[in-house]
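>>> take a look and give me a structure for this.
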Amino acid sequence: MNIHDWNDAMKLYLLRRCFGSAIVLTSMFASAQQFALTDNTTVVLYGDSITAQRLYTRFAEEFVLTRYPLLHIHFVNAGVPGDTTYGGYAGAMAERVNRDVAPFHPAMITVMLGMNDGGYVPESPKMDALFQTGYKALLAALQESSPEAAITLIRPSPYDEITHGTDFPRYSQVIRQNADDVSAMAAQMQTPSDHAVTLVDFYSPLVNALQQSKAQYPQLAALMVPDRIHPGEAAHWIMAAALLSAWHVDPVVSRVAFNAGAAEVTQKDRTTITGLQKTSTGLRWTQTDDDLPLPLDFDNAMTPVLLATSNLASLDQQILRFSNLANGVYELLIDGKPIATFTAAQLRTGVNIALYRTPMVEQARGIDWFEQRRATLDQAAFILSAEVKQGSGSASAEDTLKQAQAELEETVRTKLAPKPHNFELRITTPN
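Residues are numbered from 1 along each chain as shown. Model (predicted):
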């Protein structure tokens, strides 16, 4: 493929991702919302230790990698443990902005602060005023250093006094106030003609997840935020989903509708179907999806809790639907491997195979493994630049880390390539 063909393919792909496969329908252009990130741009994620955990930030990147494999978006984690709106041990706010944000010329900056700004003491008008003053000063510095960047303000994740006892009584109310302050500041910055400021809510969906998990999964609920402050992986997935939802991520991995009686495809989106045929027990076909589902870990006991207490599944849609299907119970196999059993009624409504351990999920899990390694290198590079006294070998060490990251990014790109898979729907219990 020459460069012109590649550019044409990219344009068509982006149109499909933003507006659906029926791009000739002008009504779809009018109603669709375009994904907030564009090709060959950088996102800087500014925050404290919750950002420095490199979990919601990694999951957000994996959302983009699996859903938009032709986009090249560079994510930079600028999270520092203990940081406040005024900075912390890795430098004052102005130094942080000049060192950790401005040099990357970001197209998007996210800000997630507030957990440490309350000082771990009960509500205080003085502390609240300091938070607002510091936050506004930070935003002014970011806008001055990166005037072309869009900014995403994030309501901070909660201090968990729902599933735990507490070391800092009533501190959850402090964080709720900080979250409300962020909402108010975002409203002040937003105008009808300027959509460069986006507000994302981490606080409310996590409070909801904590309440639901306490009621439905009391033995596991405390693992949502194990130390009351730092969310666990399941909670970070909820945070990543909130972020990508605000950025208008396309929720569809792929979508196929079959007429089982006639053995024909009646609708397809983001996929290619070949070799469809009826068998004595059902249907058989080969499917090659454009994208991958999210790399959910189905060996983790918290994954069912995550799916039950969040809207993540609604943003991870890999749908199979069948009409004219005889009553009964059916087994779905992919590449000869049993995936799940479904009733005919479920299959007629549509099943979301992104929520099962499929070969496509396993491919995505492989990408997650490389992304974990890349995040470790990213953290090492950040520590070297922000926390280690610079010496004669600092530049070469930083270059080595950057080169290793670049090599991992190339490896991830190769792992994203679509793969054909052999599907079979087989009736096991006729009705």
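>>> check T281 and give its pLDDT.
As predicted, T281 sits at a pLDDT of 95.
>>> show me what contacts it?
With contact taken as Cβ atoms under 8 Å, 6 or more residues apart in numbering, T281 is in contact with R426, I427. Where you see a C-beta, it was placed from the backbone N, CA and C, and this is true even at glycine.
>>> any idea which element the spatially most central residue of the chain lies in?
When the chain is reduced to its mean C-alpha position, the closest residue under Cα atoms, centre = their mean turns out to be A60, at 3.0 Å. When secondary structure is defined by DSSP states H and E, A60 falls within helix 56-67.
>>> leaving out sequence neighbours, find the closest residue to the residue nearest to the centre of the chain.
Excluding its sequence neighbours, the residue lying closest to A60 (Cβ to Cβ, 6 or more residues apart in numbering) is A240, at 4.6 Å.
>>> contacts made by the helix holding A60 with the rest, please.
Counting by Cβ under 8 Å, 6+ apart, 17, 37, 45, 50-51, 71, 73, 75, 77, 79, 231, 236-237, 239-240, 243-244, 249-250, 253, 291-295, 315, 364, 367-368, 371-372, 375, 412, 416 sit against helix 56-67.
>>> ranges for the strands of the stretch 301-431 of the chain?
Shown for the stretch 301-431 of the chain, the strands assigned by DSSP state E, counting those that start in this stretch span residues 317-323, 328-334, 337-343, 351-352, 421-430.
>>> then the stretch 51-200 of the chain?
Residue ranges of the strands in the stretch 51-200 of the chain, as given by DSSP E, counting those that start in this stretch, are 73-79, 87-88, 91-92, 108-112, 150-155, 197-201.
>>> could you say which of those strands is packed most deeply?
Among the strands of the stretch 51-200 of the chain, judged by mean count of other Cβ atoms under 10 Å, the one packed with the most neighbours on average is strand 108-112 (a mean of 25).
>>> so which elements touch that strand?
strand 41-47, helix 125-145, strand 150-155 (3 or more Cβ pairs under 8 Å, 6 or more residues apart in numbering; DSSP states H and E).
>>> among the ones you listed, which is nearest Q188?
Closest of those to Q188 is helix 125-145, at 9.0 Å (criterion: Cβ to Cβ).
>>> helices or strands up against that closest one?
helix 93-100, strand 108-112, strand 150-155, helix 171-189.
>>> show which residues not belonging to the second one make contact with it.
Okay, so that is strand 108-112. By Cβ under 8 Å, 6+ apart, the list of residues contacting strand 108-112 from outside reads 36-37, 41-48, 50-51, 101, 135, 138-139, 142, 146, 149-154, 156-157, 200, 202, 243.
>>> could you dump the strands of the stretch 51-200 of the chain to JSON lines with mean pLDDT?
Conversion of the strands of the stretch 51-200 of the chain to JSON lines gives the following (pLDDT from 0 to 100):
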{"stretch": "strand 73-79", "mean pLDDT": "95"}
{"stretch": "strand 87-88", "mean pLDDT": "96"}
{"stretch": "strand 91-92", "mean pLDDT": "96"}
{"stretch": "strand 108-112", "mean pLDDT": "98"}
{"stretch": "strand 150-155", "mean pLDDT": "97"}
{"stretch": "strand 197-201", "mean pLDDT": "96"}
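>>> make TSV from those and add distance to Y330 to it.
What follows is the strands of the stretch 51-200 of the chain, written out as TSV (distance: least, Cβ to Cβ, whole Å):
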stretch	distance to Y330
strand 73-79	39
strand 87-88	56
strand 91-92	59
strand 108-112	43
strand 150-155	43
strand 197-201	39
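>>> pull up the gap between the residue nearest to L244 when sequence neighbours are not counted and A340, please.
What sits nearest to L244 in space, not counting adjacent residues and going by Cβ to Cβ, 6+ apart, is F63, at 4.7 Å. To A340, F63 is 24 Å away according to Cβ to Cβ, to the nearest Å.
>>> comparing the two, which shows the higher neighbour count?
For F63 versus A340, the count of surrounding residues by other Cβ atoms under 10 Å is larger for F63: 22 against 16.
>>> pLDDT score for the more buried one?
For F63, the pLDDT comes out at 97.
>>> same thing with the one 3 residues further on?
Looking at T66, its pLDDT reads 97.
>>> separation between it and A326?
Look at T66 and A326: by Cβ to Cβ, they are 34 Å apart.
>>> higher neighbour count, these two?
More neighbours surround T66 than the other of T66 and A326, with 23 against 12 (other Cβ under 10 Å).
>>> any weak-confidence spans in the stretch 301-431 of the chain?
For the stretch 301-431 of the chain, the stretches flagged by pLDDT under 70 are 390-394.
>>> the same query, at a cut-off of 90, please.
Across the stretch 301-431 of the chain, the ranges flagged by pLDDT under 90 are 377-413, 429-431.
>>> neighbours around D290, how many?
Residue crowding around D290 was assessed by other Cβ under 10 Å; the count is 20.
>>> should've said E407
Taking other Cβ under 10 Å as the definition, E407 ends up with a neighbour count of 12.
>>> for the spatially closest residue to A380 that is not a sequence neighbour, give me its contacts.
Spatial nearest neighbour of A380, excluding adjacent residues (Cβ to Cβ, 6+ apart): L401 at 5.6 Å. With Cβ under 8 Å, 6+ apart as the criterion, the residues that contact L401 are L377, A380, A381, L384.
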